[in-house]
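Participant: can't give you the sequence, but here's the structure:
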């Protein structure tokens, strides 16, 4: 367990450090002489290397080791940093990230050797001509201090033993002095807290807010002054506590922005553009959950700006602009919301081009195109399946672009707006709430029931009195509208929308709540308006998930439950918002993500008009010009990201139709699937859409290569059996890597009898990494007890086990019928021989910390055991 | 950690405890471990447009719990005027859910040997909501398949 903790800690720390590293490397490229920056980078890599060595991640250690050597040369002034070197180091950082992800997922490093990268690193390292670092590469980890310490006595950092470095994220004072520059501000006063812990706290505060509301309501009816004073105090403290806990969940948006300089640099380099990135307001704070949610949309927008927005230098100069494009990120608080603006000074969006494209794609009818405003036209790019880039690049143009950005931001209650001036640039404005858990809401009554409307959707309240007031709601062909400052506002009645009885309650007033849903407005007539309250949003049970009119429920001051209205849902339900956006709505509602919803990629192939695969399996969507398709070993292939991507016409596998139409298209449409570094491209006729939907009404497969059919987005859709298709087209063993990485084939249950908790943790850790289950025991008695309660395949017994030693446990095991045959491995320590009498009975003896040999031994015994069991079953079978 | 009990002690596994209740004249049992608590009738917030089976939402110490009317779930005749149902709050993977039942019975220990799958001639609606039957002295206890009863797609 301890080891898992250490690894978890290591992963968290490393990913933070790596995020910083990306940014620092890019900065370093601009200020190559900045010693403190260099020291910080060096330290980060050194820390990762040291920890990897300690935890036994050999490959990571090797990769980082060479990188560290290069940096050490730079730091010692033995060589200068050039862009090629920076790219190389960044690639190393990528490899480290890749490995860390593999460790997080499977507990072990990936199978990828990163040979090519290591060769290049080593080559670069050798170039410097100095002997010391090259020799250093050969020195083993225990001697790190020596290895990286160059002849020059400046490098104090390297003199730290690896253990010490491992924990210190904060700079050691010595280094700070050596760099002579400002020290970073990570102080010892920080502690790391698990986010789930904060979530729990936040929930509790939510409960407290509700309880407080109830007490306040109760105290208002009380005469007792002392009680009232106390409840006021409770009110105050609760509010402060709520703010305080919310603050703990806040993170500066810079956390997300940090990785953008790297993204922009890489994109600019690969597109041959010059882009200067400016960031303003990186310290603006947002709730952790929201930070997570905006990470991808934000990156996507920035990529779009670099790829489509900012022009190439020659074009810019031709247009009278500076050769270097500017990309500005701004974040600031405003009215309880966070605004994020991403603007570039690029070509802007040409509304005519967008309209043309939309008509082409069938998103818009030609006559509609003439009517819509420039702003509406530009916002068309948020429609699913829209991409204006003339050329589909590998940066953007997946067709999964801006609509997903919009959906993701709306999921967290935010809005996206786009402003663009042709030739001048584009600005994307995002508004998002500060937090999701506790929101202000307006309490209204309708049909005798109480409802809450989230304040964010609220524009204004209108009160119409008496006969004159009633006349102000006019009807166009039966549809109620209200003239609001000269323009017509569609009106809906909440009681009608929810099929509740009309409850005039003797009043002669009409209360209209003017609401904003997406970019449209409507008025909702309610019976009465109570007040505004802080409410805690609670999700509805799955039995009620099908209802689009509610966003959740909350508990009111009187202890009763009230439903929270989903403004968009109510608008659609009552018909004031057009149905054409219904499909969009399907995506929006997913906020309370449920397992039976999934995101699907829809496409067309051969006679199958509507096929689906889960988007999570898709690596990329690509278009290749026909001319790029080559033939190799009887198969269509394209060169793709430095690899050869086999192209497989999907229709060949579905019902045997081989019209070859998909392959004849120009450009060809390809869905790329990848597993590790293996890729395969399926040729399809057309990519239709990406939808997020509940999959219902499944039906068994009608043809080979299909999993079956289901209704998606109201239409019957066939689900592709990706596994079968890939197996068929010669990608055998394609999915095996997954399974072997997840859990080893053997997976025996091992009893680990060892007194030292530390040693037990270590051995347990690597046994579990090897895919075995481990039952721990700390003494002979404990072990005997565990043996009686668990089915144990193999026992690993420490020779100096408390309570009589390993030999004692072994003899007790042998004397008991159920464990008489259980194979046992003796765990020895360095210099310790397996007891003279025992090796005969122990099946094997291995050093405690010899992980490889230990695992081999366990696996050997496990397979022997399995064979024996099979044999026993066979004899048992024959006896019958 | 995967710990498989090896020595099955006969005394432990032969009996199980069930919380019992009545819906109309049907006698049901739910394994006690699945039951969070039993409550008297609670004030409820109705959910307009909700499926008929959902009676409303109750506030269970700050937790919002969906209440499901077992009479309607089993397609039985509705309760008569003044009768108020009881809440049998069960745990589910989706949080607590309350089953509205007519009357709460005792917690019974039953022997595994007395178990039998649902008889073939039971009505389809009933057979779909129970996993089996315990033959007790003088009566039969139907084992409610709570997971099935709460399944989301029955509530569309």
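Facilitator: The structure has been received and is ready for your questions. Quick caveat: nothing in here was measured; it's all calculated off a predicted structure.
Participant: from the chain's centroid, how far away is stretch A:601-616?
Facilitator: Relative to its parent chain, stretch A:601-616 has a centroid offset of 25 Å by Cα atoms, centre = their mean, to the nearest Å.
Participant: for it, buried residues please.
Facilitator: Buried residues in stretch A:601-616, counting neighbours by 16 or more other Cβ atoms under 10 Å in any protein chain shown, are found at A:601-606, A:608-613, A:615. C-betas here are computed from N, CA, C, even on glycine.
Participant: what's the answer for stretch A:298-312, then?
Facilitator: A:298-311.
Participant: what's the answer for stretch A:532-545, then?
Facilitator: A:533-545.
Participant: same check, this time on stretch A:249-264
Facilitator: Across stretch A:249-264, burial judged by 16+ other Cβ under 10 Å covers A:249-250, A:252-264.
Participant: closest to residue A:654 out of those residues?
Facilitator: Nearest to residue A:654 among the buried residues of stretch A:249-264: residue A:263, at 38.1 Å, using Cβ to Cβ.
Participant: what segments of chain B are strands?
Facilitator: Using DSSP state E, the strands found in chain B span residues B:15-23, B:26-31, B:35-39, B:54-60, B:63-69, B:86-92, B:95-101, B:103-111, B:115-117, B:130-135, B:140-144.
Participant: check which helix or strand the residue nearest the centre of chain A maps to.
Facilitator: Residue closest to the average C-alpha location in chain A (Cα atoms, centre = their mean): residue A:292, at 7.2 Å. Using DSSP states H and E, residue A:292 sits in helix A:288-304.
Participant: going by contacts, tell me the helices and strands next to that helix.
Facilitator: Secondary-structure packing of helix A:288-304 (3 or more Cβ pairs under 8 Å, 6 or more residues apart in numbering or on different chains; DSSP states H and E): strand A:250-252, helix A:254-257, helix A:260-271, strand A:337-344, helix A:402-411, strand A:425-433.
Participant: next, the angle from it to helix A:260-271.
Facilitator: Put simply, helix A:288-304 runs at 20 degrees to helix A:260-271, going by axes from the mean of the first three to the mean of the last three Cα atoms, to 10 degrees.
Participant: closest point of the stretch 701-850 of chain A to chain B, which residue?
Facilitator: residue A:791 (4.5 Å; Cβ to the nearest Cβ).
Participant: kindly state the pLDDT recorded for residue B:26?
Facilitator: In this model, residue B:26 is scored at 90, pLDDT.
Participant: typo on my end, residue A:586
Facilitator: Each residue has a pLDDT score; the one for residue A:586 is 34.
Participant: run through chain B and note the low-pLDDT ranges.
Facilitator: Along chain B, segments meeting pLDDT under 70 span B:1-14, B:152-156.
Participant: dump the residue contacts of residue A:38.
Facilitator: With Cβ atoms under 8 Å, 6 or more residues apart in numbering or on different chains as the criterion, the residues that contact residue A:38 are A:28, A:71, A:74, A:75.
Participant: name the SS class of it, please.
Facilitator: helix (DSSP: H, G, I helix; E, B strand; the rest coil).
Participant: give me the nearest residue to the closest residue to chain B within the stretch 201-350 of chain A, chain neighbours excluded.
Facilitator: Using Cβ to the nearest Cβ, residue A:207 is the residue of the stretch 201-350 of chain A that sits closest to chain B, at 4.7 Å. Nearest in space to residue A:207, with sequence neighbours left out and distances taken as Cβ to Cβ, 6 or more residues apart in numbering or on different chains, is residue B:62 at 4.7 Å.
Participant: that neighbour against residue A:213, yeah?
Facilitator: No - assessed by Cβ atoms under 8 Å, residue B:62 is found out of contact with residue A:213, at 11.4 Å.
Participant: the more surrounded of these two?
Facilitator: Counted by other Cβ atoms under 10 Å in any protein chain shown, residue B:62 and residue A:213 do not tie: residue A:213 has more neighbours, with 22 against 17.
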